[in-house]
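Enquirer: sequence first, then the predicted structure, then my questions.
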Amino acid sequence: MASEPAVRARLRRAGQEHLLRFSAELAPGARAALLAALAPLEPGALREHCLRAAAARARAPGPPPGLAARLRPLPPERLGSAARSDPATRRLWEEEGLRQIALNKVAVLLLAGGQGTRLGVAYPKGMYQVGLPSGKTLYQLQAERIRRVEQLAGGRHGTRCTVPWYIMTSEFTLGPTAQFFQEHGYFGLDPGNVVMFEQRMLPAVAFDGRAILERKDKVAMAPDGNGGLYCALADHGILEDMARRGVEFVHVYCVDNILVRLADPVFIGFCVLRGADCGAKVVEKAYPEEPVGVVCLVDGAPQVVEYSEISPETASLRTPGGGLLYGAGNICNHFFTRSFLQAVTREFEPLLQPHVAVKKVPYVDEQGNQVQPLEPNGIKMEKFVFDVFPFAENFMAFEVLREEEFSPLKNAEAADRDNPTTARRALLAQHLRWALQAGARFLDAHGAPLPGLASPPSGGEPPAVCEISPLVSYAGEGLEVHLRGREFQSPLILDEHLIGASQP
Ligand SMILES: CC(=O)N[C@H]1[C@@H](OP(=O)(O)O)O[C@H](CO)[C@@H](O)[C@@H]1O
């Protein structure tokens, strides 16, 4: 156990001794917990972290000065497109992706350490269910897409293969996520192929450069951002685990996009065939203020400029054709080779600059009273997962269709975008499109054909409810055999048990 004098001496070196100012009042258990939380904080790093936070806060808020002049759109040779390529090329990419999956060379890695503050839930976002007829959660949909893509690749190449699932959690999400997976039997996946690991936490810092005491016995800590991935990979020997399994290519994604295509063979195949060491999926930005980062060049190097760091003027610039000049919207789906990740963890990680978020952080005042601040009072420092792009030797972006691949769950229902309803509708609209393309027809309760199905819906509630299990179809494939020429009454839930079950 950490001794109080030792911890106190370390804190003094970091200029943070105030964190122990109530320790004499604490019960033994609470004091031990506080010391245990403080003991691992390395004094030099803690001092540096606090100084940096205060300095960053002191700089003018908003986009770094002069940023606009350093930006250029991505050149065409760095951008591929699923939608604008001919079917034969797409097939080629898909074939290559499936081949790599069949060779057990592909893993997926989920960034799931966030707290879901905007969504307003106290549990990990992946456990959220948006009200699909099946009641499936984001985690379940993702697990089933992994199982299906393994089947597709294995089936194509006459083999059994595995796409290991690495899940980066945080102090907030590890316990509940692990329990949720256990309770649900890992959604049919082999637990040996689901690897959870934890990212680091960093103290929140007040504007005067002192770390914040949230309670007398607890320092305010926050996850170190999704770019904490690279330290966490090193902390937990994850790249070694990948090497043991023969994984060469990693699809990294964030938890909240209900349409995410895990280990998407088209994206993987595209990146592999282009020899990319690092890649990002993008969609066309919908409107200038859309809260997505933009993939572009900064000083000639590929980078994402986050929505919080681009000026409204730059975000609104247009091309002569009328599209947004910086219109390549980051959907947080990245491709990395294992060797690139290795280079990042060994060399580049310390070069990543933290980003500053100013938040309301509850604290205890000098008298020991608990305070809920009404104004932002604390600085959280986060690294971003995409800040490694400039170190890539061959970066590629890959444009996909929003309606097929991007509907993020960011906000609670009260917001008008990116909420549970928009996510549910996006998924159901997609499944209805797939069913119609596969030749299904939908009838109303009186047996009359449902109107309005000729033009697939965008936005509102789909005219017929159709949910297709990822275990039946990953991206719309293989549905004709179940649906062609058949008539269905809404709702149609096509899952692995109901395939072939009689419908009208
Ligand atoms: C640091 C980071 O990865 N930011 C990403 C991420 O934003 P969040 O607001 O942090 O969820 O997801 C967005 C897509 O949903 C993407 O556009 C953005 O660049």
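Expert: Nice, thanks for sending it over.

Enquirer: now do the contacts for the residue in the chain that the ligand sits nearest to.
Expert: For the chain and the ligand, the shortest gap (C-beta to the nearest ligand atom) falls at Gly293, measuring 2.8 Å. All C-beta spots, glycine's among them, are computed from the backbone N, C-alpha and C. By C-beta atoms under 8 Å, 6 or more residues apart in numbering, the contact list for Gly293 reads Val304, Val305, Glu306, Tyr307, Gly329, Asn330, Phe386.

Enquirer: contacting the ligand as well, which ones from these?
Expert: Residues shared between the contacts of Gly293 and the neighbourhood of the ligand are Val304, Glu306, Asn330, Phe386 [C-beta under 6 Å from any ligand atom].

Enquirer: and the helix or strand hosting the first one, what does it pack against?
Expert: The reference is to Val304. Using DSSP states H and E, Val304 maps to strand 301-305. Other helices and strands packing on strand 301-305, by 3 or more C-beta pairs under 8 Å, 6 or more residues apart in numbering; DSSP states H and E, are strand 294-298.

Enquirer: near the ligand, which residues of the stretch 201-350 of the chain are found?
Expert: Going by C-beta under 6 Å from any ligand atom, the residues of the stretch 201-350 of the chain near the ligand are Asn226, Cys254, Pro291, Val292, Gly293, Val304, Glu306, Asn330, Ile331, Cys332.

Enquirer: then the stretch 401-504 of the chain?
Expert: So the stretch 401-504 of the chain meets the ligand at Pro408 (C-beta under 6 Å from any ligand atom).

Enquirer: quick one: pLDDT of Gly459?
Expert: pLDDT recorded at Gly459 is 68.

Enquirer: following the longest strand along the chain, which helix or strand shows up next?
Expert: Looking across the chain with DSSP state E, the single longest strand is strand 328-337. Where DSSP H and E defines the elements, the next helix or strand beyond strand 328-337 is helix 338-343.

Enquirer: check the offset of stretch 192-210 from the chain's centre.
Expert: Remark: stretch 192-210 is offset 16 Å from the chain centroid, using C-alpha atoms, centre = their mean, to the nearest Å.

Enquirer: now that stretch: buried residues?
Expert: Buried residues in stretch 192-210, counted by 16 or more other C-beta atoms under 10 Å: 193-206, 209-210.

Enquirer: ok, stretch 150-167 next?
Expert: Across stretch 150-167, burial judged by 16+ other C-beta under 10 Å covers Glu150, Leu152, Ala153, Gly154, Arg156, Cys161, Thr162, Val163, Pro164, Trp165, Tyr166, Ile167.

Enquirer: endpoint to endpoint, it covers what distance?
Expert: 18 Å (C-alpha to C-alpha, to the nearest Å).

Enquirer: show me what contacts Phe398?
Expert: Leu79, Gly80, Ser81, Ala82, Phe267, Phe270, Cys271, Gly279, Ala280, Lys281, Val282.

Enquirer: can you give me the pLDDT of Pro456?
Expert: 52.

Enquirer: kindly report the same for Pro504.
Expert: For Pro504, the predicted pLDDT is 42.

Enquirer: about what we covered before: make TSV out of the ones next to the ligand among the contacts of Gly293 and add neighbour count and pLDDT.
Expert: TSV is the format used below for the ones next to the ligand among the contacts of Gly293 (neighbours: other C-beta atoms under 10 Å; pLDDT from 0 to 100):
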residue	neighbour count	pLDDT
Val304	25	98
Glu306	17	95
Asn330	25	98
Phe386	22	98
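
Enquirer: TSV for these, including distance to Glu393?
Expert: Output for the ones next to the ligand among the contacts of Gly293, formatted as TSV (distance: C-beta to C-beta, whole Å):
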residue	distance to Glu393
Val304	18
Glu306	23
Asn330	20
Phe386	16
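
Enquirer: how many other residues sit next to Arg338?
Expert: Residues contacting Arg338 under the criterion other C-beta atoms under 10 Å number 19.

Enquirer: need the pLDDT of it.
Expert: Per-residue confidence (pLDDT) for Arg338: 98.

Enquirer: residues touching it, list them.
Expert: Arg338 makes contacts with Leu239, Met242, Ala243, Val247, Glu248, Phe249, Val250, as judged by C-beta under 8 Å, 6+ apart.

Enquirer: among these, name the buried ones.
Expert: Using 16+ other C-beta under 10 Å as the burial test, the contacts of Arg338 include Leu239, Met242, Val247, Glu248, Phe249, Val250 as buried.

Enquirer: and those residues, which is closest to Gly126?
Expert: Checking the buried ones among the contacts of Arg338 against Gly126 with C-beta to C-beta, the nearest one is Val250 at 18.5 Å.

Enquirer: list the contacts for that closest one?
Expert: Val250 touches Val106, Ala107, Val108, Leu109, Tyr166, Met242, Phe335, Phe336, Thr337, Arg338, Leu341, counting by C-beta under 8 Å, 6+ apart.

Enquirer: now render those residues as TSV, adding distance to Ser311.
Expert: Below are the contacts of Val250 laid out as TSV (distance: C-beta to C-beta, whole Å):
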residue	distance to Ser311
Val106	38
Ala107	37
Val108	35
Leu109	32
Tyr166	36
Met242	39
Phe335	29
Phe336	30
Thr337	34
Arg338	37
Leu341	32
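
Enquirer: out of these, who has the most neighbours?
Expert: Top of those by neighbour count (other C-beta under 10 Å): Val106, with 30 neighbours.

Enquirer: for that one, what are phi and psi?
Expert: phi -120, psi 130 (degrees, to the nearest 10).

Enquirer: now swap in Leu79 and tell me
Expert: Torsion angles, degrees, to the nearest 10, at Leu79: phi -130, psi 120.

Enquirer: per-residue pLDDT, it?
Expert: So, for Leu79, pLDDT stands at 97.

Enquirer: wouldn't it be in contact with Glu399 here?
Expert: Yes - shown here, Leu79 and Glu399 form a contact pair, counting by C-beta atoms under 8 Å, at 6.4 Å.

Enquirer: which residues do those two both contact?
Expert: Residues touching both Leu79 and Glu399 (C-beta under 8 Å, 6+ apart) are Val282, Ala328.

Enquirer: of the two, which one has the most company?
Expert: Per other C-beta under 10 Å, whichever of Leu79 and Glu399 has more neighbours is Glu399, with 23 against 16.

Enquirer: can you name the residues that contact the residue nearest to the more buried one when sequence neighbours are not counted?
Expert: Nearest residue to Glu399, sequence neighbours excluded (C-beta to C-beta, 6 or more residues apart in numbering): Ser81, at 4.2 Å. Ser81 sits next to Phe398, Glu399, Val400 when contact means C-beta under 8 Å, 6+ apart.

Enquirer: need these in TSV (columns: pLDDT and secondary structure).
Expert: As requested, those are exported to TSV (pLDDT from 0 to 100; DSSP: H, G, I helix; E, B strand; the rest coil):
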residue	pLDDT	secondary structure
Phe398	98	strand
Glu399	98	strand
Val400	98	coil
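
Enquirer: could you look up the SS state of Val272?
Expert: State at Val272, reduced to three classes by DSSP: H, G, I helix; E, B strand; the rest coil: helix.

Enquirer: tell me the contacts of it?
Expert: If a contact means C-beta under 8 Å, 6+ apart, then Val272 has Glu96, Gly97, Gln100, Phe249 as its contacts.

Enquirer: what about the nearest residue to Glu347 once chain neighbours are set aside, how many neighbours?
Expert: Nearest non-adjacent residue to Glu347, counting by C-beta to C-beta, 6+ apart: Phe391, 7.9 Å away. Neighbour count for Phe391, taken as other C-beta under 10 Å: 19.

Enquirer: Pro463 now?
Expert: 16.

Enquirer: and if you look at Gln182?
Expert: 10.

Enquirer: kindly report the same for Gly246.
Expert: Gly246 is flanked by 12 other residues according to other C-beta under 10 Å.
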